[in-house]
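Participant: Here is a sequence with its predicted model. Questions after.
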Amino acid sequence: MSLAGKRALVTGASGVLGAAIARRLALNGATLLLHANSRPEAVEALALSIRAKGGEAEPCVFDLTDAESTRAACDAMLIAGPVQIIVNNAGVHDDAVFPGLRAEQWHRVIDVSLHGFFHVTQPLLLPMLRTRWGRIINLSSVAALMGNRGQVNYAAAKGALNSATKALALEVASRGVTVNAIAPGIIESKMANAAFDAAAIAQLVPCKRAGTPEEVAALAAFLASEDAAYITGQVISINGGMA
């Protein structure tokens, strides 16, 4: 599943999941553009580690909720050529039960997951289409499929992203571009480990364990590959049987 010659942008690459996806795409030969906003040092270190293993990577720091700065960052990326793989991984949680949900919590979560997808993908799409090959992979969540208490804002953002995935897939399929979403369940991370103990995971997950970032990264790498050229418009769950 070689991705040699393909340039790939991973948003939110400063996080555990984004970093795992970036490493896997680099292992498959892609040149990585590693996005972060609040943690630039994390993507700088990630780029160094990828280059140390013979890969190609560079950090890209911008606020994807800001349309103007994102457009400028995308224009800068395109100087070196089209970006043919976009992994819209950036997202945030800001949980509260709905009666107590503040407006800023609602808008922040929507801005990063949904508006961030638009701000990044729209300016990069036409150059991708001209190459007649592309992969757009959106990171959704099991919360968008089955809901979750205290996450109305997050479920709404990811549910809208699922619908956008299906609609955009119809628009670009004839140009050799696929658009899919990955909906992870409980994936190992500091946040997940703090929220779910082993007993809770055993009760919630039929597989009786949390998934690993590397398992999600393997699915993303497959969807980015030529082997997945006939898969588009899908929301693919990776959640150990939760939904």
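Facilitator: Right, received. Where do you want to start? Numbers count the residues shown, from 1 in each chain.
Participant: Isn't Val87 up against Leu124?
Facilitator: No. Using C-beta atoms under 8 Å as the test, Val87 is too far from Leu124 to be in contact (11.7 Å). Just so you know, the C-beta spots here come from the backbone N, C-alpha and C atoms, and that holds for glycine as well.
Participant: neighbour-wise, which of those two wins?
Facilitator: Neighbours of Val87 and Leu124, each counted by other C-beta atoms under 10 Å, are more numerous for Val87; the result is 29 against 22.
Participant: Quickly list what's touching both of Val87 and Leu124.
Facilitator: Each of Leu9 lies in contact with both Val87 and Leu124 under the rule C-beta atoms under 8 Å, 6 or more residues apart in numbering.
Participant: quick one: secondary structure of the residue of the chain positioned farthest from its centre?
Facilitator: Residue farthest from the centre of the chain, counting by C-alpha atoms, centre = their mean, is Pro99 at 29.2 Å. Of the three states, Pro99 takes helix under DSSP: H, G, I helix; E, B strand; the rest coil.
Participant: From Leu34, how far off is it?
Facilitator: Per C-beta to C-beta, to the nearest Å, Pro99 is found 39 Å from Leu34.
Participant: Name the spans of this structure whose pLDDT lies under the cut-off.
Facilitator: Low-confidence segments of the chain (pLDDT under 70): 191, 194-195.
Participant: Please, where are all the strands along it?
Facilitator: Using DSSP state E, the strands of the chain run over 7-10, 31-36, 56-61, 85-88, 134-139, 177-184, 235-238.
Participant: Which elements pack onto the third one?
Facilitator: The criterion is 3 or more C-beta pairs under 8 Å, 6 or more residues apart in numbering; DSSP states H and E, and the helices and strands that strand 56-61 contacts are helix 16-27, strand 31-36, helix 40-52, helix 67-78.
Participant: run the last query once more with 10 Å
Facilitator: If contacts are counted by 3 or more C-beta pairs under 10 Å, 6 or more residues apart in numbering; DSSP states H and E, strand 56-61 sits against strand 7-10, helix 16-27, strand 31-36, helix 40-52, helix 67-78.
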